[in-house]
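Asks: Next one to model:
(4 chains)
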2 protein chains.
Amino acid sequence: MSKTVTGGSRERVPLSRERVLRAAVAVADAGGIGSLTIRSLAGELGVKPMSVYHYVANKEEILDGIVDLVFGEIELPSADGDWRSEMRRRAASARRVLRRHPWALGLLESRTAPGPATLRHHDAVVGVLRRAGFSVEMTAHAYALIDSYVYGFALQEAALPFHGSDGAAGVTRPIMQKFSADEYPHLVEMATEHILRPGYDFGDEFEFGLGVILDSLARWIRGR
Amino acid sequence: MSKTVTGGSRERVPLSRERVLRAAVAVADAGGIGSLTIRSLAGELGVKPMSVYHYVANKEEILDGIVDLVFGEIELPSADGDWRSEMRRRAASARRVLRRHPWALGLLESRTAPGPATLRHHDAVVGVLRRAGFSVEMTAHAYALIDSYVYGFALQEAALPFHGSDGAAGVTRPIMQKFSADEYPHLVEMATEHILRPGYDFGDEFEFGLGVILDSLARWIRGR
DNA sequence: GGAAGGTATCGTACAAAGTATGAAATGGCC
DNA sequence: GGCCATTTCATACTTTGTACGATACCTTCC
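Replies: Prediction:
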């Protein structure tokens, strides 16, 4: 009844669920989630399409699996250590990971089956907040707030037509030119006086918002 | 030989880009974005597949179009009126709209071409913040913070395996049972002491986080 | 060593989906 | 009615997911 889980000899590195999912992440990173097909995945693995079906039931399972893999890449906060710096570190890591795998955000909406890495991650974060002195209820408030911010920020970053500090001018300008300043006066002001200025980087906004949120939570916990 | 329908009572409403996109939203609402195919869309319109291609260049354009339609559903904040209540109203509306069309969140990540309704929306929000006294730079900070929160919250809500105030127990319990309490102690605590309690509704967290954010921004603007 | 039997890989095939191409139908205007 | 632009559709080709069964390979027991 129990399958033999020897796993001793690994001289030829056969296919495995692990390898399949990692290859799927690589394909999605390279060409977007739309480029991830069973055939492209098999190609990445140097194998024929139907071979992957021995390790996953169907494509849905692949999508669930790679979302969990991505969650596993996010640094866990340490239980001992200042809760604010731990949360800050975790948030920065999450943002970095989601920038590396932006397609994961698009999948989140449709995946409602959290994997083990996802659960472990949530458990660790909840643990840090509880240890910091937040009540169970307040922990739920705080966690929802922090994670909403992190995911939402990553989502906005992914939706930007440019990335990094240099591209804003190149892409914002054409968009702006299509519409008169009368139509979107405030956007034009924002663009010309701020976003198109050299050195502007949307990513820098991240620290500000996170700081605001953590400050508020700290005040809350102290004033209780 | 040929039937003349013209004189008949049934007026034939011709296809149009508008109708095509609205039908696409209806299909996606009903069966998820995965169920939106050219064929299903044509079926919804009572028309043959290739007919829709006279109004959109390809499916990508449909996706861009329905995202913009969804943005158009969000209530614009009014320029005159207390900025906080306007922002609160707009945020609540955005959340409601995104709950009605959760697939739009999944599309956001891959759509980098904002449509007119999207631009109009952003323009209105920026306008309210500027009028409230925020500097251009501070407006960028504030807007990124608020919208990150709203999108992220909606994304988390969409990713929940249950909806509303009743389903939590039904779905959280099976997940929890699959893992021992040793493995995810904090999640188990959170589930048993809070989430599984009758009446718990994740959606209620929204107000808390939004309040924290708006309070902080208000403090900022006053201290300037 | 060799056969048995399980496991991993693959070849073939089909259904669903996007869409190119051009024909047919329809409606407006004289 | 006749002419033309616009709208709708029929056909067909390509890509994708995956069912089904065959094959290659590896372990185990004689």
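
Asks: My guess is residue A:19 contacts residue A:45. True?
Replies: Yes. Taking contacts as Cβ atoms under 8 Å, residue A:19 lies within contact range of residue A:45: 6.7 Å. Every residue, glycine included, has its C-beta placed from N, CA and C.

Asks: List the residue ranges of chain A that fall below the pLDDT cut-off.
Replies: Applying pLDDT under 70 to chain A flags residues A:1-13, A:164-171, A:173-181, A:224.

Asks: Could you list the domains of it?
Replies: Using automatic domain parsing, the domains assigned to chain A come out as A:1-56, A:67-224.

Asks: give me every residue that touches residue A:134.
Replies: Contacts for residue A:134 were tallied using Cβ atoms under 8 Å, 6 or more residues apart in numbering or on different chains; they are A:142, A:217, A:221.

Asks: re earlier: so between residue A:19 and residue A:45, which is more surrounded?
Replies: Set residue A:19 next to residue A:45 and count neighbours by other Cβ atoms under 10 Å in any protein chain shown: residue A:45 wins out with 19 against 16.

Asks: How about the residues of chain A by DNA strand C?
Replies: A:3, A:14, A:15, A:47, A:48, A:49, A:50, A:51, A:53, A:54, A:55 (Cβ under 7 Å from any atom of the strand).

Asks: now, which of the residues you listed lie close to DNA strand D?
Replies: Within those, those near DNA strand D by Cβ under 7 Å from any atom of the strand are A:49, A:50, A:53.

Asks: wait, what's in contact with the residue nearest to residue A:35 when sequence neighbours are not counted?
Replies: Among residues not flanking residue A:35 along the chain, residue A:27 sits closest, at 6.2 Å (Cβ to Cβ, 6 or more residues apart in numbering or on different chains). Residues in contact with residue A:27, defined by Cβ under 8 Å, 6+ apart, are A:35, A:36, A:40, A:41, A:44.

Asks: burial count for the nearest residue to residue A:220 once chain neighbours are set aside?
Replies: Closest residue to residue A:220 apart from its sequence neighbours, by Cβ to Cβ, 6+ apart: residue A:138 at 7.1 Å. A count of nearby residues for residue A:138, using other Cβ under 10 Å, gives 18.

Asks: go on, residue A:50?
Replies: When neighbours are counted by other Cβ under 10 Å, residue A:50 registers 9.

Asks: For it, give me phi and psi.
Replies: Phi and psi for residue A:50, reported as degrees, to the nearest 10, are phi -70, psi -10.

Asks: From residue A:39, how far off is it?
Replies: Here the criterion is Cβ to Cβ, to the nearest Å. By it, residue A:50 lies 10 Å from residue A:39.

Asks: swap in residue A:46?
Replies: 13 Å.

Asks: What strand or helix carries residue A:206?
Replies: Assigned by DSSP states H and E, residue A:206 belongs to helix A:205-222.

Asks: Would you indicate which residues of that helix are buried?
Replies: Buried residues in helix A:205-222, counted by 16 or more other Cβ atoms under 10 Å in any protein chain shown: A:205, A:206, A:208, A:209, A:210, A:212, A:213, A:214, A:216, A:217, A:221.

Asks: Spatially nearest residue to the last one, not counting backbone neighbours?
Replies: In this structure, residue A:221 finds its nearest non-sequential neighbour in residue A:133, 5.4 Å apart by Cβ to Cβ, 6+ apart.

Asks: picking that back up, on contacts alone, who are the packing partners of the helix holding residue A:206?
Replies: Secondary-structure packing of helix A:205-222 (3 or more Cβ pairs under 8 Å, 6 or more residues apart in numbering or on different chains; DSSP states H and E): helix A:83-100, helix A:136-159, helix B:136-159, helix B:205-222.

Asks: tell me how far the second one is from the chain's mean position?
Replies: Chain-centre distance of helix A:136-159: 11 Å, with Cα atoms, centre = their mean, to the nearest Å.

Asks: Can you pull the phi and psi angles for residue A:53?
Replies: In this entry, residue A:53 is assigned phi and psi values of phi -70, psi 0 (degrees, to the nearest 10).

Asks: For PyMOL, write the selection for the buried entries among the residues of chain A next to DNA strand C.
Replies: Of the residues of chain A next to DNA strand C, the buried ones go into a single PyMOL selection, burial set by 16+ other Cβ under 10 Å:
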select buried, chain A and resi 15+55
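
Asks: center of chain A, which residue is that?
Replies: In chain A, the C-alpha nearest the mean C-alpha coordinate belongs to residue A:98, at 2.8 Å (Cα atoms, centre = their mean).

Asks: correct me, but that residue touches residue A:152?
Replies: No. Using Cβ under 8 Å, residue A:98 is not in contact with residue A:152; the gap is 10.8 Å.

Asks: quick one: residue A:94 and residue A:152 touch, right?
Replies: No. Counting by Cβ under 8 Å, residue A:94 does not reach residue A:152; the two are 11.7 Å apart.

Asks: These two: which has the busier surroundings?
Replies: Legend: neighbour count by other Cβ under 10 Å for residue A:94 and residue A:152, higher for residue A:152 (27 against 23).

Asks: what sits against the residue in chain A that chain B sits nearest to?
Replies: Here chain A gets closest to chain B at one residue, residue A:152, 2.9 Å apart by Cβ to the nearest Cβ. Applying Cβ under 8 Å, 6+ apart, we find residue A:152 in contact with B:147, B:148, B:149, B:150, B:151, B:152, B:153, B:155.

Asks: Go again with 6 Å.
Replies: Residue A:152 sits next to B:148, B:149, B:151, B:152 when contact means Cβ atoms under 6 Å, 6 or more residues apart in numbering or on different chains.

Asks: most surrounded residue in those?
Replies: Neighbour counts for those, by other Cβ under 10 Å, peak at residue B:149, which reaches 29 neighbours.

Asks: from the contacts of residue A:134, which single one is nearest residue A:123?
Replies: The nearest member of these to residue A:123, counting by Cβ to Cβ, is residue A:142 at 15.1 Å.
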